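S.K.: This is a predicted model, with the sequence first.
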Amino acid sequence: KTIYRNMGNNHYYPLFWGTSVTLPANASSVVLASGIKFHGYELASYASVVATPKGNVGSFYTTANTTDNTITFNCSSAPGSDTDIALLFMLGYDAALY
C-alpha cells in the first residue's frame, strides 16, 4: 500500500508505504533499500523505517548509511530459516527540525 503526496507541478511522491523483505537463514543483516531518491532527496537521509520481523531474530535495529544511500536491517540472532520482515517507510523531516 502506498500513500502519495502532491509536491506541486503534477509531481506525486510516496509519503508512506509498506512492503516486506526476507532475511535469509543464518544471516544477521539484509539491505532494505539502496539508491532510492525522490525529488532529489535520498531515502537514507529522509525516511524513517519501522521494521517488524515475523520470527525470532533477537534484538534488532535499522541503520541508514547516508554516504551510500542504503538502509539495512540488523539483528543479534541470525534465524535458522528465512524470516519475513514487514516494513513501513515514512518520508519527511524529524519533528525536532521545526
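M.R.: Happy to help now that I have it.
S.K.: For the protein, just list every one of the strands.
M.R.: 2-6, 12-23, 29-34, 37-38, 41-42, 47-53, 60-65, 70-75, 83-91 (DSSP state E).
S.K.: which stretch in the ones you listed is the model least sure about?
M.R.: Ranked on mean pLDDT, the bottom entry among the strands of the chain is strand 2-6, at a mean of 67.
S.K.: Chain neighbours aside, what residue packs nearest to Ser34?
M.R.: Closest residue to Ser34 apart from its sequence neighbours, by Cβ to Cβ, 6 or more residues apart in numbering: Thr70 at 4.6 Å. Bear in mind the C-beta positions are built from the backbone N, C-alpha and C, glycine included.
S.K.: Which residue or residues pair with that neighbour through a beta bridge?
M.R.: On the basis of DSSP bridges, Thr70 is bridged to Ser34, Asn65.
S.K.: Much appreciated, bye for now.
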